[in-house]
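Asker: fold the following and give me the result.
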Amino acid sequence: MPVPPAPVVYNAEERDLPPWARQGHFHFIRVDGGEIESKKALRTHWGVHFSERETEILSNIYGKYSDTLFKRLGEADYNWIWVTWSNGWSTPEEEAQWAVLRRFIQDAHSRQIKVTAYLSASNMFWESMFRDEPRSITWVRIEDGLPLNYHGRKNKMRFLADIGNPEWRAYVLDKAGAAIDAGVDGVFFDNIKGPIEYLQLLFSEFQDMAAKKARSSGNRKAVLYVNAHLEPEKMALFDIGELIHNEYGKTTPGVWDDIGWDVGNVRKTKFLHGSKYPWQSHKYELDVYHCGTRESCIPSPVEQKLSIVEAWAFGSAFSKNLEGPFLAAIIAESDEGMQAWKAIAQYNRWISAHREFYTDVSPMADIAVLAQSDGRGPAESATFRLMDHLLKQSIMFETKVVRRFAQGRPFEQFAALLIAEPIGALHQSEKEALRRFVEGGGRVLATAGDRERLPWLDIRPITGQSLARLADNQPPLQLFEEVDKLTAGRHITMGRASHVLGNAMVKNDRRAAFVHLINYQHDRPEQDLTLTIDLKKIFQTNDVDEVAAVQAVVVSPDSDGQYRPKTSITDAIMTVTLDRLVHYSIVVLRR
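Answerer: As a prediction, this is how the structure comes out:
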């Protein structure tokens, strides 16, 4: 596939992110469905095991079962969904579904539910395409003389298109344009396969088309987001869309017998924060649950709750996938399905009633971790082990991602940069950014080898003991003590809590802050949990008198109302004791 001349790449702007799509303002759920989705499932490894009943409900979710679906969505306060508009069949084969979806989109809008159209950027069901679009034979991506299958040879009915073929891109854009004409509020592209230059061209062409349609109709431009995952070579695609969507989760939250306490979902969210612009909204879903793949099982009610708050407590939103047994269960109102759905509804509705805690807030951190590789893993790398242990110690940090230094929080907002692995090749602009960080008083902690190789960074070497502990997947306590000295202590310090994650967020006006607490143990509430909170660090002030009057209350979806915990303040250090932490609570601090 020849590489094209560098395209004029579209850069998304904050003004094109509508209020309803801003972080903290939406609950999103995938509603994949219709005949073209059920046929896709039967031709794909994850859907071939759907029962006859599950397939029938999936096929008719936008028609026969739409009233029941909208009832469920209302119960759980979902105000944003996506629908299957085009997933790789020919236009003539998909048009029947479009007619059904036009009515469905109107029904959704009448219920104040926004709608995204799901489209595949590169998938082709060849028997449909070759039959109805004979020219599409020339659109197939060829490698080693053979058509390239989606997800390898186990999906023999799915070919990948050559994203560099202008006829294919025009074909996809015509489908996306039809979705905008039908009234969708956004477009999501999946199956992001091919050279990034051609993908940038496709999505830039989409944005230009969407902007023209908005000017012509007088409507807001449809928002764009794409499934770029966390592959470094494709993260530049983030800059073209107004939102970020990832399906990087590999287990539901919990403390499990086989994998222990896994905080990988939060670690990947932190990686993503360093890869995107702060104004871009973000949502993610779990690709795999602890019980199995997302299309094969229904997680327990507690897992549903923790999955939601694991995203929201760290500045993201949770994307729920319904396809398969779960969709059939909530339509048929089975006990297992409805118990899980009630848990989702309980937490979603509570969050909606307390949006103040999630809107116009920013994370607090003096520390940045330099990430140099694919944000999906490997989890055993020193960098990702360091991030996991920082999380489990409730030490506030964000990330700076190589090749993405212009994104995320700026370097000048951090006091220390932690680099747990040898620094790879840096662009000149990245070297200059690091040099400015050091000249501005920032401290770099990295390997001894990097200290010798990069003397201009004035590196404090991470001790061999700390690196050895990371290699053994143990917390590098000596490193944490040194970081505490460099940053004048921690925002919060947890008392004896075996599997509790804490995260502090502050309102942008600095009048209130929120300490989110998540208990990963499903059936073991934490009793008499004590927190030490540095109010000067939380509210970024040196005025002890100003924070002396800070009041704390505890709120939780697991209990009614709020209560004032036991507190004391000495020299701007507040000690808070929670009576009980079941699954999720927030300590609300106001001054």
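
Asker: give me the below-cutoff pLDDT ranges for this protein.
Answerer: 1-7, 153-154, 377-379 (pLDDT under 70).

Asker: do I have it right that residue 462 meets residue 446?
Answerer: Yes: using Cβ atoms under 8 Å, residue 462 is in contact with residue 446, at 6.4 Å. Where C-beta positions appear, they are placed from N, C-alpha and C, glycine not excepted.

Asker: what touches both of these two?
Answerer: 418, 420 (Cβ atoms under 8 Å, 6 or more residues apart in numbering).

Asker: residue 586 sits in which helix or strand?
Answerer: For residue 586, the enclosing helix or strand under DSSP states H and E is strand 584-590.

Asker: show me what that strand is in contact with.
Answerer: 305-306, 309, 313, 347, 354, 357, 511-519, 531, 533, 535, 538, 550-558, 562, 565, 574, 576, 578.

Asker: from residue 441, how far off is residue 491?
Answerer: For residue 491, the distance to residue 441 equals 19 Å [Cβ to Cβ, to the nearest Å].

Asker: swap that for residue 125, please
Answerer: Separation of residue 125 from residue 441 (Cβ to Cβ) stands at 58 Å.

Asker: with residue 510 instead?
Answerer: In terms of Cβ to Cβ, residue 510 sits 22 Å off from residue 441.

Asker: so the two - more neighbours on which side?
Answerer: With neighbours defined as other Cβ atoms under 10 Å, residue 510 and residue 441 compare such that residue 510 has more, 13 against 8.

Asker: part of a helix, is the more buried one?
Answerer: No: per DSSP: H, G, I helix; E, B strand; the rest coil, residue 510 lies outside any helix segment and is coil.

Asker: just give me the neighbour total for residue 60.
Answerer: Using other Cβ under 10 Å: residue 60 sits among 17 other residues.

Asker: residues in contact with it?
Answerer: residue 33 are the contacts of residue 60 under Cβ under 8 Å, 6+ apart.

Asker: so it versus residue 91, what's the distance?
Answerer: 22 Å.

Asker: for residue 548, same thing?
Answerer: In terms of Cβ to Cβ, residue 548 sits 67 Å off from residue 91.

Asker: ok, now residue 222?
Answerer: 19 Å.

Asker: who's more crowded, those two?
Answerer: It is residue 222, of residue 222 and residue 91, that has more neighbours when counted by other Cβ under 10 Å, with 26 against 16.

Asker: let's see stretch 473-488 as PDB, backbone CA atoms only.
Answerer: The C-alpha trace of stretch 473-488 is given here as PDB (Å, rounded to 0.1, in the frame of the first residue of the first chain):
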ATOM      1  CA  ASN A 473       6.000  -6.300  41.500                       C
ATOM      2  CA  GLN A 474       6.500  -4.900  45.000                       C
ATOM      3  CA  PRO A 475       5.900  -1.200  45.900                       C
ATOM      4  CA  PRO A 476       9.100   0.800  45.700                       C
ATOM      5  CA  LEU A 477       8.700   2.400  49.100                       C
ATOM      6  CA  GLN A 478      12.100   4.000  49.100                       C
ATOM      7  CA  LEU A 479      11.200   5.800  45.800                       C
ATOM      8  CA  PHE A 480       7.900   6.900  47.200                       C
ATOM      9  CA  GLU A 481       9.600   8.400  50.300                       C
ATOM     10  CA  GLU A 482      12.000  10.400  48.000                       C
ATOM     11  CA  VAL A 483       9.100  11.600  45.900                       C
ATOM     12  CA  ASP A 484       7.200  12.700  49.100                       C
ATOM     13  CA  LYS A 485      10.300  14.800  50.000                       C
ATOM     14  CA  LEU A 486      10.400  16.400  46.600                       C
ATOM     15  CA  THR A 487       6.700  17.200  46.600                       C
ATOM     16  CA  ALA A 488       6.200  18.200  50.200                       C
END
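
Asker: cheers, nothing more for now.
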